[in-house]
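A.B. asks: Fold the following for me, if possible:
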Amino acid sequence: MSIYDYKFKDISGKERSLEEFKGKVLLIVNIASKCGFTPQLEGLQKIYDEYKNQGLEIIGFPCNQFDNQTPENNNDLNKFCQLNYGVNFNLSEKIDVRGENADPIFTYLVNECPFKGFDKDNAIDKLLYSITQENYPEYLIGNSIKWNFTKFLIDKEGKVINRYESRIEPIDIAKDIKGLL
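C.D. replies: Predicted coordinates:
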């Protein structure tokens, strides 16, 4: 299987194939509207604006599995992203990114690029680990998505290059994106 074998429904409900992104650098992110990491939407949009003409595509996959931080319906979520962050990169319908109902795209991604662990020397990671351990200890098991704004970078041939956890700001992966363009 390849990333290009998967399909998703965009925010308007239209089925799309990841094959249409073949030959482009792709950044896949699980997003949320009411998360402490939500301002990363602005950074994602800036990177998209800077590199889209060079072959970057971003797909945001909204997910409500983490503390009910994406309660809106698809239409309201799309408006929220556009009005508050100027988002014009691709968005999918709301999906699950972990567990038995996880979208197959995310099952594929976590198998291709496993979780590397929390950096306990980093204050944000330490806090996220603590919150997860206290409220969702099952999330700590395995390679699954741990929280909102986990990012996967995919090269032009469809190979999953890297996984960036929630605390990694979009600007901090711009050099990796540029290197693949």
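
A.B. asks: drop to CA atoms for contacts and neighbour counts, all remaining ones
C.D. replies: Will do.

A.B. asks: Quick check: residue 169 vs residue 20, distance?
C.D. replies: The spacing between residue 169 and residue 20, counted by Cα to Cα, to the nearest Å, is 27 Å.

A.B. asks: okay, those two: which has more neighbours?
C.D. replies: Taking neighbours as other Cα atoms under 10 Å, residue 169 and residue 20 compare with residue 169 leading, 18 against 10.

A.B. asks: That one reaches residue 43, doesn't it?
C.D. replies: Yes: contact criterion Cα atoms under 8 Å: residue 169 and residue 43 qualify, at 7.3 Å.

A.B. asks: and residue 155, what are its phi and psi?
C.D. replies: Main-chain torsions, residue 155, degrees, to the nearest 10: phi -80, psi 180.

A.B. asks: ok, it - how many residues close by?
C.D. replies: Residue 155 has 20 nearby residues by other Cα under 10 Å.

A.B. asks: Tell me the pLDDT of it.
C.D. replies: Here the pLDDT value assigned to residue 155 is 98.

A.B. asks: Pretty sure it sits against residue 161.
C.D. replies: Yes: the criterion here is Cα under 8 Å, and residue 155 meets it with residue 161 at 6.5 Å.

A.B. asks: Output the helix or strand of the chain with the lowest mean pLDDT in PDB, but only the C-alpha positions, please.
C.D. replies: None of the helices or strands of the chain scores lower by mean pLDDT, DSSP states H and E than helix 123-135, at a mean of 90. Listed next in PDB are the C-alpha coordinates belonging to helix 123-135 (Å, rounded to 0.1, in the frame of the first residue of the first chain):
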ATOM      1  CA  ALA A 123       7.800  21.800  29.300                       C
ATOM      2  CA  ILE A 124       5.000  21.400  26.700                       C
ATOM      3  CA  ASP A 125       5.700  17.700  26.200                       C
ATOM      4  CA  LYS A 126       5.900  17.200  29.900                       C
ATOM      5  CA  LEU A 127       2.500  18.800  30.400                       C
ATOM      6  CA  LEU A 128       0.900  17.000  27.500                       C
ATOM      7  CA  TYR A 129       2.300  13.700  28.900                       C
ATOM      8  CA  SER A 130       0.900  14.500  32.300                       C
ATOM      9  CA  ILE A 131      -2.600  15.400  31.000                       C
ATOM     10  CA  THR A 132      -2.700  12.300  28.800                       C
ATOM     11  CA  GLN A 133      -1.500  10.000  31.600                       C
ATOM     12  CA  GLU A 134      -4.100  11.400  34.000                       C
ATOM     13  CA  ASN A 135      -7.100  11.500  31.600                       C
END
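
A.B. asks: Perfect, that will be all.
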